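S.K.: just coords:
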């Protein structure tokens, strides 16, 4: 079983919809949780970053971490066609040398 | 700053040929990583170098070798390419201190092995 499982998608929504992207994990040592966005034929770029449990908001994006359930989510409000990309969750334990990534969810926002 | 650069951007190899993928970063990062990305399989770690002078195997190291040439450069070598190594290869780097875990990725190298 993988340490990090991500909802596989693909996901297709109309413009303006609220999008929920989700990952579960099994390693209770993970403390830092990240969401990367990857546009087609590009490298991933960090979108959101949270430490431990709680919510973090950045414009239309909200990252949520529930450590008791080992579940993280990324919410996108008022989704735009420019949000069409693959979203990868990633997590890491303190002082670890490497992150563990989910397989990614491909999102398409239709005008 | 150029960030993380990778060369070449595209490459086609015949089975059995060898090649080296080059990666360089100009952000003074300690750690560097090589991933491969295949459709539906996310990013899989091949090798990483937590700091200059050290390298460690990742999830899928077979068929690859790496060299941390200096703090800036981390190369990935395929000694005898196989069709199963057809993939997109990403190099990444990050600062190694508590509280900063963001990885910066290069643009990728698209490799086809025929």
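M.R.: That came through, no problem. Given the structure is predicted, the values throughout are model-derived calculations rather than measurements.
S.K.: distance-wise, check residue B:53 relative to residue B:32.
M.R.: 12 Å (CB to CB, to the nearest Å). C-betas here are computed from N, CA, C, even on glycine.
S.K.: what is in contact with those two at once?
M.R.: residue B:68 (CB atoms under 8 Å, 6 or more residues apart in numbering or on different chains).
S.K.: residues touching residue B:13, list them.
M.R.: Going by CB under 8 Å, 6+ apart, residue B:13 touches B:19, B:78, B:81, B:111-114.
S.K.: around chain A, which positions in chain B sit nearby?
M.R.: Contact residues, chain B versus chain A (CB under 8 Å from any CB of the partner chain): B:4, B:31, B:33, B:40-43, B:45, B:48, B:50, B:56, B:58, B:90, B:92, B:96, B:98, B:101-108.
S.K.: circling back: so for residue B:53 and residue B:32, which sits in the more crowded spot?
M.R.: residue B:32 (28 against 9; other CB atoms under 10 Å in any protein chain shown).
S.K.: who does that one form a beta bridge with?
M.R.: Per DSSP bridges, the residues bridged to residue B:32 are residue B:49, residue B:93.
S.K.: and for the one 4 residues further on?
M.R.: Taking DSSP bridges, one obtains residue B:44, residue B:89 as the residues bridged to residue B:36.
S.K.: I'd guessed it sits against residue B:42; true?
M.R.: No: using CB atoms under 8 Å, residue B:36 is not in contact with residue B:42, being 10.0 Å away.
S.K.: so for these two, which residue has more residues nearby?
M.R.: Set side by side, residue B:36 and residue B:42 show more neighbours around residue B:36, with 24 against 21, by other CB under 10 Å.
S.K.: ok, now which ones touch the more buried one?
M.R.: Contacts of residue B:36 were listed using CB under 8 Å, 6+ apart, and they are B:43-44, B:46, B:60, B:85, B:87-90.
S.K.: next, format those as TSV and append neighbour count and pLDDT.
M.R.: Output for the contacts of residue B:36, formatted as TSV (neighbours: other CB atoms under 10 Å in any protein chain shown; pLDDT from 0 to 100):
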residue	neighbour count	pLDDT
B:43	27	93
B:44	16	93
B:46	23	97
B:60	18	95
B:85	19	97
B:87	21	97
B:88	17	97
B:89	22	98
B:90	26	98
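S.K.: having no further points to raise, I will conclude here.
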